[in-house]
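1. Here is my input; please provide its structure:
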Amino acid sequence: MNYSGKKISIIGAVRSGIGAAKLVKRLNGIPFVSDAFDNEKIKKSIEILNSLDILYEIGGHTSRVFECELMIVSPGVPLDSEIIKTARDKKIKMISELDLASSVCKGNIIAITGTNGKTTTTSLCGHVFNVCGAKTYTAGNIGLAFSEIAYDVKENEYVVVEASSFQLDLIDKFKPKVAAILNITPDHLNRYHNNYQSYINSKMKIFQNQDEKDYLIINRDNEVLINSLTTHRSTDYYFSLSEKSKNGCFLTGDQIVFIKNDKEEFRCSLSDINLCGEHNHANAMAVIIAAKILGFDNKKIIEGLKSFQGVEHRLEFVREINGVKYINDSKATNVDSVWYALRSFDQPIYLILGGQDKGNDYNQIKDLVLSKVIKIYAIGSSADKVFNFFHQDVKVEIKQTIDDVITAVNSEARENEIVLLSPACASFDMFNDYEHRGKVFKEAVNNL
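-> Below is the predicted model of the structure:
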């Protein structure tokens, strides 16, 4: 698409919106940024927009936002908001920021989605590719917006894009060379009005524009995903912790094996993966498949798996004090993530749970909590819900702040026990985002 001279409205003035505005300006389009809010998050954005002479409005949307030929919608904007409804009524074409970025990106796009593991898998994939000698960027729902780097990516380079359901909702022509769906479990049901199928449908959009020259990587162990797959033209590769496929990765003993047309082409040990938990073994399989599809060297792939240091706020070891290990899993914003976190440790756990609820059903982790958790510290706006669900089966104490939790648990936890922040909730009731929550947790621990 030629953006030159075209009026393009951009809804949302944070990361994706600012990236889109900068790219439209670079492409000689006429961007206009509109955001319904006027808060601390917007201040830095205003400075950027002013420095680039990009017009904007904040604190609400005026009629000017509809004076455009195209509207780019940031992922944080709900599709049932008035601005979107009005744009639809006016028959204004709306696309995702992923579409804008991919339309100018000359490199190879690897897109990764799923309810859990996206950030870790995206980071691991970028790291392994770079170790293999391929210039690779990571972008999307991680670090930089895709639009920030898309124009600079060369033909022989790669971009690994973390794609959330919100980003996929409005894609039009987004077409990754390799797409991976890691898993699908209930999440963001507040955004999708408790319509699980709508959430699933958003995930499925990642492969809707792929053709016979593209590849789709699928978790065979995720029943919802397997049952939800729709007709597609791309070539399938599967990964599984329990089942062998004709094309893909599977686990045999402590060995991960990749086969293509039933022929083994790669093998490594679980000990080669520098991440804990069986869910991360599955994530690594998705990366191995992508690397093998693109023809990377086996020894270099293993070198990348071994040297990866993990992701901040995802089962991140913070500190050990008197034999007690403190783990920051602030990125666990749904119950399924907590399930994986609890399975990653054999030691008794003090669990910090709660925040902005997204329709959580704690029955999924009840058995694990009963077998592994000594005590729950409930925080945030969902603290009462956490207390009411668990207090008859395990000790639960409501705390007002992370500092209060750390002060209390520091006097209770003993050697060979774990203090785990894995909240199962969004963070916006108490913090700017999950990163802010994780940093507050780490500061409290490091201040002990």
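2. same for the one helix or strand F387 maps to, what does it pack against?
-> F387 belongs to helix 383-390 when assigned by DSSP states H and E. Counting contacts by 3 or more C-beta pairs under 8 Å, 6 or more residues apart in numbering; DSSP states H and E, helix 383-390 is packed against strand 373-378, strand 395-398. Where you see a C-beta, it was placed from the backbone N, CA and C, and this is true even at glycine.
3. Need the winner for burial among the ones you listed.
-> strand 373-378 (a mean of 22; mean count of other C-beta atoms under 10 Å).
4. Are there helices or strands packed against that strand, and which ones?
-> Using 3+ C-beta pairs under 8 Å, 6+ apart, strand 373-378 sits against strand 349-353, helix 383-390, strand 395-398, helix 402-412.
5. can you put these in CSV and add mean pLDDT and distance to D221?
-> Below are those laid out as CSV (pLDDT from 0 to 100; distance: least, C-beta to C-beta, whole Å):
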stretch, mean pLDDT, distance to D221
strand 349-353, 98, 25
helix 383-390, 97, 27
strand 395-398, 98, 32
helix 402-412, 97, 34
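6. Go through those and name the closest to K299.
-> Distance to K299, taken as C-beta to C-beta, is lowest for strand 349-353 among the helices and strands packed on strand 373-378, at 37.5 Å.
7. next one: that closest one to chain centre, how far?
-> 22 Å (C-alpha atoms, centre = their mean, to the nearest Å).
8. do the same with stretch 344-356
-> Counting by C-alpha atoms, centre = their mean, stretch 344-356 comes out at 20 Å from the chain centroid.
9. got any ranges where the stretch 101-250 of the chain has weak pLDDT?
-> 187-190, 192-194 (pLDDT under 70).
10. do that again at 80, thanks
-> The stretch 101-250 of the chain contains residues with pLDDT under 80 at 186-195.
11. Ramachandran angles for the residue nearest the centre of the chain?
-> In the chain, the centroid-proximal residue (C-alpha atoms, centre = their mean) is K118; its distance is 4.2 Å. The phi/psi pair for K118 (degrees, to the nearest 10) reads phi -60, psi -50.
12. Give the full set of residues in contact with the nearest residue to it once chain neighbours are set aside.
-> Closest residue in space to K118, ignoring its immediate chain neighbours: E162 at 4.8 Å, by C-beta to C-beta, 6 or more residues apart in numbering. Residues near E162 by C-beta atoms under 8 Å, 6 or more residues apart in numbering: I112, T113, K118, T119, T122, T138, A139, G140, N141, I142.
13. Figure out which of the helices and strands packed on helix 383-390 is closest to D89.
-> strand 373-378 (43.4 Å).
14. any idea of the mean pLDDT in that closest one?
-> In this model, strand 373-378 has a mean pLDDT of 98.
15. gap between that strand and the chain center?
-> Worked out by C-alpha atoms, centre = their mean, strand 373-378 lies 26 Å from the chain centre.
16. can I have that strand written out in PDB, keeping just the CAs?
-> What follows is strand 373-378, C-alpha atoms only, in PDB (Å, rounded to 0.1, in the frame of the first residue of the first chain):
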ATOM      1  CA  VAL A 373       1.500 -24.200  48.600                       C
ATOM      2  CA  ILE A 374       2.100 -23.500  52.300                       C
ATOM      3  CA  LYS A 375       0.300 -20.200  52.200                       C
ATOM      4  CA  ILE A 376      -1.200 -17.700  49.800                       C
ATOM      5  CA  TYR A 377      -0.800 -13.900  50.100                       C
ATOM      6  CA  ALA A 378      -3.800 -12.300  48.300                       C
END
